[in-house]
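Chemist: Pasted the sequence and its predicted model underneath.
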Amino acid sequence: MKLLSISLGLAAAVSGSAYANQELAGLSADPNNWAMQAGDFSNHRYSELKQINAGNVNKLQVAWMFSTGVLRGHEGSPLVIGDTMYLHTPFPNNVFALDLETQKIKWKYAPKQDSAVIPQMCCDTVNRGLAYADGKVFLQQADSTLVALDAKSGKVVWSVKNGDPKVGAVNTNAPHIFKDKVITGISGGEWGVRGYLSAYDIKSGKMVWRGYSTGPDSEMLIDPNTTTTWADGKVQPVGADSSLKTWKGDQWKIGGGTTWGWYSYDPSLNLVYYGTGNPSTWNPSQRPGDNKWSMSIWARDVDTGKVKWVYQMTPYDEWDFDGINEMILADINVGGKATKALVHFDRNGFGYTLDRTNGALLVAQKYDPAVNWATHVDMKSGRPQVVSKYSTAQNGADVNSKGICPAALGSKDQQPASFSPKTKLFYVPTNHVCMDYEPFAVEYVAGQPYVGATLSMYPPPGEKNMGNFIAWDASTGKIVWSKPERFSVWSGALSTAGDVVFYGTLEGYLKAVDNSGKELWKFKTPSGIIGNVFTYTHKGKQYVGVFSGIGGWAGIGMAAGLEKDQDGLGAVGGYKELRDYTDLGGQLTIFTLPN
Amino acid sequence: MRSALLLAMLFAVVVSPAGADDKVKTDLYTVVDGTKVDADTFQGFRTWRAAACDRCHGANQEGLVGPALVESLKVLTKDDFKKTVTEGRLEKGMPSFSTSHMVMDNLDHLYAYLKGRSDGAIKKAKVELLK
């Protein structure tokens, strides 16, 4: 009797909470939709569609275009659910629902936001897109307001404040729907914001849990005995005060570790995966210690937020190697063994493969040969072996450490990679940029920038290409092929069952390559591409689309990049060069094959 | 005030051809060898760095998302400069620095440093303290 009631209770709990999850899982399993930013829970950015394939992709032509009305950096992508497309804009974060039959605007949502939030976002006012579930469209506004809109009418169902923009806590990330929760993060690592991941109830908007990146165990939702990490060659409990012990005084309160990347979810393990960003400030001398758990990969229970495991990639960051990049969940062979892997291309230039069930470190190799700040990752301790010459902490404040590769924007930034279950390869948009980095003392003032380093960025010595589009074998940690690009590849990749891989370039080209990296097709869109490629079908016809609109740190990076001439007054060679190809924009371009 | 500023600008233009010791001295700043500056102007440079102005205006004030200050300071009056820094131009992404003691206490020095860069008297963004 008792047993029966327990199992009945369990069944009820599962059917209630899992409803949205099942709906979304169903929608994303249908390749006719593009129901999530990455297409699925695992961050694969892969589509089973193959009407457009390696044999006919060179015949792609424009089907229709849409101007978003905003001329700033356009990251992320639209969503497609059935016959409706939902798309977002950078600040002011307008949302459109488009009828795919007529391309007519069904509704538009235009939030009112305090313009004071614009400068808080510093270098560009990007937004990485919407989420859909339960008949609602979810928007994470710049001013940190999380909004649920009725998918049919665009009317606000609920809204909740996720942070305090007055202290620099703003948002650029897409919200993610896992189970019956909206998971969202926070930005503001350059404002001394203490990072966290929050879960809100999909129906009411009520906060269910919030786990901080730094501080006391109870606030991080870490259990010293059951939360594990990789240390000394094995998975073991983190122990008490794992974060507090690694900070001087109460610096963890303004210690960064923000969470603005792409999250993933494994329904069978009930875990959400994400990365935390740089510790604040960028001047390492001011914050001695490992600064845990900034720069880390996290696995949290979706229902409770409790940390299952955590692994720090870059202890004591000295370069702004902000660890927020996407966690890709792939079932692959590692060392001849079938593995539930988590694959992550970190800003620090290392491609990591971990066992996602327990956080065991399996592979950590450079995915750009230019990476020089560390010789390798010691597999026993999991720590990168730092080269003294490139240590901005060892060189000290007010010293310009030169020739560090990668630059702060990383061998890859937020632009998400794609995993093809068909080829078992990862297709990765990368940056090929180095930097000089000079840290200096800076004082914390709430709501004011808290950076503390001057940087200049440029291509590796003797090279001209500032980006590569690569294929990566995460089982061995090897580059399979590498296709050079003039500028950083800052667009999310898409691979398909049609043996085509798509990505955009900063000049504004949408490109298609085959599984061996051979370019099959390209098309010049109106502005530089930092958005993510997506695909769907409408009335039996496959479409591929991407946002254009140069901006983000890529635009900034370009501006700063190639500018080696420290004494030049307005000598902006690299920026000028990008200007030869593109200006600001804000357009969606949709492609298809001719009838 | 305004006329004093105009005088200073005029003075800067007149003096800008460097002397034998490569020294430029105006009412606003003193620069030797293009990179060594007086204590107040050096404080202006430190303020520029601390406020992370380079994130938007470029490491060399050449402009990125924000305008090129080497150009802006040729047309912006000192009063306009102070107003812009204090209140910001929020719609355009320029923050208000009114709560930053570092910036508010050093507005004149920040202006002197940027003016020196704009005039071409300060040859490199990174300067040293003149001893």
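Modeler: Happy to help now that I have it.
Chemist: Bridge partners for residue A:132, pull those for me.
Modeler: With DSSP bridges as the criterion, the beta-bridge partners of residue A:132 are residue A:137.
Chemist: Distance check, it against residue A:39.
Modeler: If you measure residue A:132 against residue A:39 using C-beta to C-beta, to the nearest Å, the figure is 12 Å. Where C-beta positions appear, they are placed from N, C-alpha and C, glycine not excepted.
Chemist: wait, what's in contact with the residue in the stretch 301-450 of chain A positioned nearest to chain B?
Modeler: Of all residues in the stretch 301-450 of chain A, the one sitting closest to chain B is residue A:449 (3.8 Å; C-beta to the nearest C-beta). Residues counted as contacts of residue A:449 (C-beta atoms under 8 Å, 6 or more residues apart in numbering or on different chains) are A:122, A:168, A:190-191, B:51-52, B:55, B:95.
Chemist: nearest to residue A:332, of these?
Modeler: Of all these, the one sitting nearest residue A:332 is residue A:190; the distance, using C-beta to C-beta, is 35.5 Å.
Chemist: Count residues in the vicinity of the closest residue in space to that closest one that isn't next to it in sequence, would you?
Modeler: Counting by C-beta to C-beta, 6 or more residues apart in numbering or on different chains, residue A:190 lies nearest to residue A:451, which is 5.2 Å off, once chain neighbours are set aside. A count of nearby residues for residue A:451, using other C-beta atoms under 10 Å in any protein chain shown, gives 26.
Chemist: got it, and residue A:105?
Modeler: A count of nearby residues for residue A:105, using other C-beta under 10 Å, gives 12.
Chemist: Tell me the pLDDT of it.
Modeler: pLDDT, residue A:105: 98.
Chemist: For residue A:62, pull up the helix or strand it's in.
Modeler: With the criterion set as DSSP states H and E, the secondary-structure element containing residue A:62 is strand A:61-67.
Chemist: Would you mind giving the secondary structure of residue A:27?
Modeler: Applying DSSP: H, G, I helix; E, B strand; the rest coil to residue A:27 yields a three-state assignment of helix.
Chemist: still on that earlier bit, following element in sequence after the strand holding residue A:62, please.
Modeler: strand A:79-81.
Chemist: Give the next helix or strand downstream of that following strand.
Modeler: Counting by DSSP H and E, what follows strand A:79-81 is strand A:84-88.
Chemist: could you dump that following strand to CSV, C-alpha only?
Modeler: This file holds the C-alpha atoms of strand A:84-88, laid out as CSV (Å, rounded to 0.1, in the frame of the first residue of the first chain):
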residue,chain,number,x,y,z
THR,A,84,5.1,30.6,-37.1
MET,A,85,8.6,32.1,-36.8
TYR,A,86,9.5,34.0,-33.6
LEU,A,87,12.4,36.4,-33.8
HIS,A,88,14.1,38.8,-31.5
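Chemist: What pairs with it, parallel or antiparallel?
Modeler: Each strand that pairs with strand A:84-88, with its direction, by DSSP bridges: strand A:79-81 (antiparallel), strand A:95-99 (antiparallel).
Chemist: so who does the residue nearest to residue A:190 touch?
Modeler: Applying C-beta under 8 Å, 6+ apart, the residues near residue A:451 are A:190, A:281-282, A:442, B:52, B:55.
Chemist: count of neighbours near the closest residue to residue A:35 other than its chain neighbours?
Modeler: Taking C-beta to C-beta, 6+ apart, and ignoring the residues beside it in sequence, residue A:35 has residue A:27 as its nearest neighbour in space, at 3.9 Å. Using other C-beta under 10 Å, the number of residues around residue A:27 comes to 19.
Chemist: Next: residue A:375.
Modeler: 12.
Chemist: ok, now residue A:115?
Modeler: There are 15 residues near residue A:115, going by other C-beta under 10 Å.
Chemist: That one reaches residue B:91, doesn't it?
Modeler: Yes: counting by C-beta atoms under 8 Å, residue A:115 does reach residue B:91; the two are 5.0 Å apart.
Chemist: How about the secondary structure of the closest residue to residue B:60 other than its chain neighbours?
Modeler: Once flanking residues are discounted, residue B:60 sits nearest to residue B:125: 4.6 Å by C-beta to C-beta, 6+ apart. Applying three-state DSSP to residue B:125 yields a three-state assignment of coil.
Chemist: now residue B:125: how far from residue A:33?
Modeler: With the distance defined as C-beta to C-beta, residue B:125 ends up 50 Å from residue A:33.
Chemist: now residue A:318
Modeler: Distance of residue A:318 to residue A:33, computed by C-beta to C-beta: 43 Å.
Chemist: which residues sit in contact with the residue in the stretch 51-200 of chain A positioned nearest to chain B?
Modeler: In the stretch 51-200 of chain A, no residue comes nearer to chain B than residue A:119, which is 3.5 Å away by C-beta to the nearest C-beta. Each residue near residue A:119 by C-beta under 8 Å, 6+ apart is listed here: B:88, B:90, B:93-96.
Chemist: from these, which single one is nearest residue A:535?
Modeler: Using C-beta to C-beta, residue B:93 is the member of the contacts of residue A:119 that lies nearest residue A:535, at 33.6 Å.
Chemist: Need the per-residue pLDDT for the closest one.
Modeler: 87.
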